[in-house]
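Asker: sequence first, then the predicted structure, then my questions.
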Amino acid sequence: MTTEIVCPFCHFSKKIPEKKIPVSAKWAICPRCNQKFGISLSNKGPRPAVEEEKLNRDPHEADQEPGEEPLGNGAPWENRSGTGFAQGIYLTFKETLFSPSAFFRGLTFNGGIRDPLAFGLLIGAVGNMFGIFWSVLMMSGGLFPFGETIFSHLTVGLIFLVMVVAVPVCVTLSMFIYSGILHLLLLIVGGGKNRFEATFRVVAYSQAAQAWDLIPVVGSWIGGVWQLIIQVIGLREMHNISYLRVFMAFLLPIGIIFLLTMMALVLLLIYLG
């Protein structure tokens with residue numbers, strides 16, 4: 001049997017098997033807002049013996065203070081010490097790409113940016129390298145105008161150096177800059193309820209969509225659209241806001257550009273008149 005625990009601060013909820021909740025648990029920690037709140041005995045119901053509970057607790061809960069029950073397990077990538085490196089990547093890929101709502105709903109936003117950064121850098125760099133590889137291959141093969149002329153002056157070593165050195169740097173900078181701009185837009189529309197880290201985590205884990213770059217030509221287009229969808233869902237879950245506010249944040253730059261364009265046209269007409 002399972003019991004549902006609801007955070008009174010951000011209303012995040014999670015169904016937890018009753019055997020996973022210790023007999024002595026009096027507090028829960030919300031993975032979304034990191035607030036600590038009490039659990040009443042009426043909500044907890046009957047529990048198994050303490051000895052049985054200890055055998056069923058997850059390894060990552062070992063450092064939890066007695067009587068405190070976490071609601072979320074975080075990303076599998078962040079628990080790779082228990083699941084394994086390859087399994088951590090695979091499960092994070094699977095959940096991010098195909099179950100983004102559930103993935104980000106159970107993801108804490110204050111676990112640090114080191115693990116999300118490492119995941120985003122690893123996957124984003126590999127995906128971008130494949131995207132560059134397919135472009136270079138097609139351009140050097142004469143599929144694009146001037147492609148053969150351009151790449152005839154580049155050696156294989158130079159191209160490899162650019163891919164290995166420049167791509168990871170560009171991916172890292174783009175994640176931080178893009179996250180900063182996106183979080184600012186969320187704050188403008190009143191949607192940045194949580195810290196910058198929450199937005200950065202969404203951007204970093206959305207790099208899983210770069211796996212589509214393995215497919216020549218159309219892979220980058222599919223990955224771009226897929227990544228945008230993941231970010232919309234992730235921002236909604238991590239900041240606990242409506243989709244309307246997320247869309248407003250994404251569309252705000254377009255609205256500003258449109259407004260500035262219209263103002264420039266009006267000024268031009270006034271000047272010509």
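Answerer: Thanks, I have the structure now.
Asker: what's the burial count for the nearest residue in space to residue 222 that is not next to it in sequence?
Answerer: Among residues not flanking residue 222 along the chain, residue 212 sits closest, at 4.5 Å (C-beta to C-beta, 6 or more residues apart in numbering). Every residue, glycine included, has its C-beta placed from N, CA and C. Residues lying near residue 212 (other C-beta atoms under 10 Å) number 21.
Asker: ok so residue 212 is a helix residue?
Answerer: Yes - using DSSP: H, G, I helix; E, B strand; the rest coil, the assignment for residue 212 is a helix.
Asker: where do the strands of the stretch 51-200 of the chain begin and end?
Answerer: Using DSSP state E, counting those that start in this stretch, the strands found in the stretch 51-200 of the chain span residues 68-70.
Asker: okay, now the unreliable bits of it?
Answerer: Judged by pLDDT under 70, the stretch 51-200 of the chain has its weakly predicted residues at 51-74, 134-160.
Asker: what's around residue 272, how many residues?
Answerer: 6.
Asker: what pLDDT is listed against residue 31?
Answerer: Per-residue confidence (pLDDT) for residue 31: 67.
Asker: actually residue 202, sorry about that
Answerer: On the pLDDT scale, residue 202 gets 96.
Asker: which non-adjacent residue is nearest it?
Answerer: Using C-beta to C-beta, 6+ apart and skipping the chain neighbours, the partner closest in space to residue 202 is residue 234 (3.6 Å).
Asker: and the helix or strand encompassing the one you found, what's buried?
Answerer: Per DSSP states H and E: residue 234 is located in helix 219-239. Across helix 219-239, burial judged by 16 or more other C-beta atoms under 10 Å covers 219-220, 223, 226-227, 230-239.
Asker: how about the helices of this protein, start to end?
Answerer: Assigned by DSSP state H, the helices in the chain fall at 41-44, 50-56, 80-83, 85-98, 100-105, 114-140, 147-151, 156-161, 167-188, 196-205, 219-239, 243-272.
Asker: now do the contacts for the nearest residue to residue 199 once chain neighbours are set aside.
Answerer: Ranked by C-beta to C-beta, 6+ apart and with sequence neighbours excluded, the top spatial neighbour of residue 199 is residue 183, at 4.1 Å. Contact analysis of residue 183 by C-beta atoms under 8 Å, 6 or more residues apart in numbering lists 192, 196, 199, 200.
Asker: any idea how far the residue nearest the centre of the chain lies from residue 231?
Answerer: Nearest residue to the geometric centre of the chain (C-alpha atoms, centre = their mean): residue 202, 2.4 Å. With distances taken as C-beta to C-beta, to the nearest Å, residue 202 is found 6 Å from residue 231.
Asker: please apply the same query to residue 264.
Answerer: 30 Å.
Asker: do the same with residue 120
Answerer: From residue 120 over to residue 231 the distance is 12 Å, taken as C-beta to C-beta.
Asker: so what's in contact with the two at the same time?
Answerer: The contact sets of residue 120 and residue 231 overlap at 203, 206 (C-beta under 8 Å, 6+ apart).
Asker: let me have the contacts of residue 183 in JSON lines, adding distance to residue 272 as columns.
Answerer: Output for the contacts of residue 183, formatted as JSON lines (distance: C-beta to C-beta, whole Å):
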{"residue": "192", "distance to residue 272": "42"}
{"residue": "196", "distance to residue 272": "45"}
{"residue": "199", "distance to residue 272": "44"}
{"residue": "200", "distance to residue 272": "46"}
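Asker: among these, give me the pair with the biggest separation.
Answerer: The span of the contacts of residue 183, defined through C-beta to C-beta, is set by 192 and 200 at 11.8 Å.
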